[in-house]
Structures are given as C-alpha cells and as structure tokens.
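Asker: Sharing a sequence plus its predicted fold:
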Amino acid sequence: MQTVNIRVRLYDTSMNYQRYRHEMDEGLRDVLEGGTFVMGEPVRQFEQEFAAYCGVRHCVTTTSGTQALHLALTALGIGPGDEVITAANTDVGTCLGIEHAGATVRLADIAASTFNLDSSAMAAAVTGRTRAIVPVHMYGLPCDMDAIRAVARRHHLVVVEDAALAAGAAYHGRRAGSLGDAAIFSLAPGKVLGGLGTGGAIVTDREDVARLANSLRHYGRDGSAFWTDRGPGAPPAVTVRMGFNARLDTLQAVALRARLRHLDEEIAKRRTVAAIYTRHLAGSAAVTPEVPLGYEHAYRTYVIRLPGRDRVHKRLLEAGIETGLHYVPPIHLHPHWQSAYSAGDFPMSEQVSADLLCLPCHPSVTDEEAREVAQRIREML
C-alpha cells in the first residue's frame, strides 16, 4: 500500500500543545503533582474566563459537546414529549444530545449559501409539541439569529445555540454563545477552541440554568462540583436528582486556558487563510462561502462546493493535502433516523452534502500552502 506524505493537515491538533507548551507545562505539572485530576481549580478559572469571553455570566464545563447539549436542554426543562428543531446537515452529536434529553429531533432544511438553518423551513417545522430550537453555527458561521429568535418568541420556544464549531464567531457585534437562552461548545481537539482531549461547555446568562446544569454534571448533587470547595468543615453534598458524571478533567482546563488567551489571534490567522482561498478560487467553478454583512466567521474549516468533489478530494490527498467531508451524509440519511425521514425530505441539505469539501483552515496553514491548495483545486476543475 502506498504511503501518502501529508504536508497540509485538515486539522493541527498536535499543535494545540506544541504551540503553547511554554504556557501549559507548569500548569500541567502542577496538576499531575497535585493530584486533582477532575474539576480542579483551573476548571473554575477557565469557566470564568470563557464566560467573560462569550459575553455571558456563566459557564459550566462538561465531558463533551454532546453531553453539554443534553444537560443544557434538560436544565431548560426540555424532555420526553417535546420536539426540538435543528438543522438536517449537522453533526450526529447535535441530534444525539437532543435525544439523550428525552426529546424528539425535528429537522429543517438549510440555506445553501450559508449551510445554516433556513429560517422559513425552520418556521414551517414548528408544531404544537415544539419546545426548543437548536440553531447550529455550521463550520463557524453564526446563524441568522434575529430570524430564529423571532420565531422562538412567536411560539414561546427556548433557543440553545450549537456553537460547537464557532468559538469566537460573532453576529452583529455579539459573540456566539450570547445569542440564545444558552449555548453549547465542543472543546475537542479539532475545534476552533480545543484541548488535549474531549470536553464541552454550556454558557448562559441564566442563573437557574447554570445552577441546574452544574448539578446534573455532578451526579445530581446539590453542592459544588469543585474539589477545592469540599475541604474540612464543608457540608456533604447529597444527590437530589438524577445526574451524570460529566465533569471536565483538570488537565484539559489548563490547555484550554492557554489556548483561550490566543484565540482571537488564531481566528485572525484562520481568516487570513480563508481570504487567500476566496481570492484564489474566484472565477473558478468552486462556490466559496458567503459571509453576510455583520457576521464574523470563525472558520473551523473553509467549506466550498464544487463539481467532481470526490475526484478532487482523492487527488488532493495524493498530493499530500488533507480535506474533509463534514457532515456527510445529512442526518436524515443515517439509518438511525430513517424511520422518521426519507431521501428527498431535505433537498438542499442533500445537494450540499453531495458536493461540499472542507479545506484546511487553521493557524498552522501558511499563506503559501493556502495558495497551493487553491491553485491545485483550480487545475482540477
């Protein structure tokens, strides 16, 4: 079997440590020597810092983005008998988080220009059982939150942003995470803000949601999840509801704090790479991303649509350039959801799924590499 020498990675997960090891090493050593491996003080510090970054009052970390969505919906009172609307082209984790909360997934189609929920399709999907909307900021571009909030107000629905791919993105001057009743993030290594393993976060301005989410991640207990709050003389925490063991590892918080300090400069580099792609693919058969006025894209990846996608995908890999197909197929074509949906139900999601290609767009991609990727694509079309 021929071994391909990968020169341009789709993600730069190894660099999450290498780039900032001088900032992480002391904190990682302190955790390893101190022994508080789960919910140590760095977790509290990260939660405070990330809440401030998003422009909200509270952050509750979890073990994954999927778990964060599950707990956020549960904390907002969503459960069995309720329907939750989300995009047909999202990651399966979005829909599994909804189902873990006991609710039913109700899909809506997308706008091809942004890959995000189509507001008209979303409004048409509302039924008498709908209780929540989970707009997914696909690939790092915020949804049309004014339209989504208008539908939510009209039907008395809660809004939970799925910002798993969109840390640092903004919508008319407000950061992703501050645009609904709550928001969730994935903190997995390949995300815009990722650690050295899995993790997630719930952010919200609502004290009641944060308090209940904290209890749910910590065995349903009535006290703090932090070991530093359970010293001599502290009253024992008792379990008052069904909860979960969904607490963040302290080592992850150390890494995330270091990366958060540099997040804006990393996103600026992502935008530089994206601008090179846009400029060098202009006039070709590739359809480049649309960023509406007032929106700030975080570019977890740079997603194009093009004819002959599979051929281009294969030939780029042969040239040592990784690209991705996220999230293919759309949700309704996965066997798990085919009892409720069929091919053809969400035509725009299916069209996009058939020809999208995710290009490397991260701080380790050089300007020269971005130009090469674009030029190779042009030559193949």
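Answerer: Perfect, thanks for sending it.
Asker: So which residues of the stretch 51-200 of the chain form strands?
Answerer: Per DSSP state E, counting those that start in this stretch, the stretch 51-200 of the chain carries strands over the ranges 58-62, 83-87, 104-108, 130-134, 158-162, 170-171, 174-175, 182-186, 200-204.
Asker: now those strands as JSON lines including mean pLDDT?
Answerer: Conversion of the strands of the stretch 51-200 of the chain to JSON lines gives the following (pLDDT from 0 to 100):
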{"stretch": "strand 58-62", "mean pLDDT": "98"}
{"stretch": "strand 83-87", "mean pLDDT": "98"}
{"stretch": "strand 104-108", "mean pLDDT": "98"}
{"stretch": "strand 130-134", "mean pLDDT": "98"}
{"stretch": "strand 158-162", "mean pLDDT": "98"}
{"stretch": "strand 170-171", "mean pLDDT": "98"}
{"stretch": "strand 174-175", "mean pLDDT": "98"}
{"stretch": "strand 182-186", "mean pLDDT": "98"}
{"stretch": "strand 200-204", "mean pLDDT": "98"}
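Asker: quick one, which of these is nearest to Arg279?
Answerer: Among these, strand 170-171 comes nearest to Arg279, with 22.5 Å by Cβ to Cβ. For every residue, glycine as well, the C-beta is placed using N, CA and C.
Asker: Poorly predicted segments of the stretch 1-150 of the chain, please.
Answerer: Low-confidence segments of the stretch 1-150 of the chain (pLDDT under 70): 1-3.
Asker: I'd like the distance between Val43 and Ala246.
Answerer: From Val43 across to Ala246, the span is 12 Å (Cβ to Cβ, to the nearest Å).
Asker: what's the answer for Asp205, then?
Answerer: 21 Å.
Asker: Model confidence for the residue lying closest to Val159 once chain neighbours are set aside, exactly?
Answerer: Nearest non-adjacent residue to Val159, counting by Cβ to Cβ, 6 or more residues apart in numbering: Gly180, 3.5 Å away. As predicted, Gly180 sits at a pLDDT of 98.
Asker: can you check Arg230 too?
Answerer: At Arg230, pLDDT is 76.
Asker: wait, the residue nearest to Val159 sits on Val160?
Answerer: Yes. With contact defined as Cβ atoms under 8 Å, Gly180 counts as touching Val160 (5.8 Å).
Asker: What degree of burial does the residue lying closest to Gly177 once chain neighbours are set aside show, as a neighbour count?
Answerer: Distance criterion Cβ to Cβ, 6+ apart; nearest residue to Gly177, sequence neighbours excluded, is Cys54 at 3.5 Å. By other Cβ atoms under 10 Å, the residues close to Cys54 number 26.
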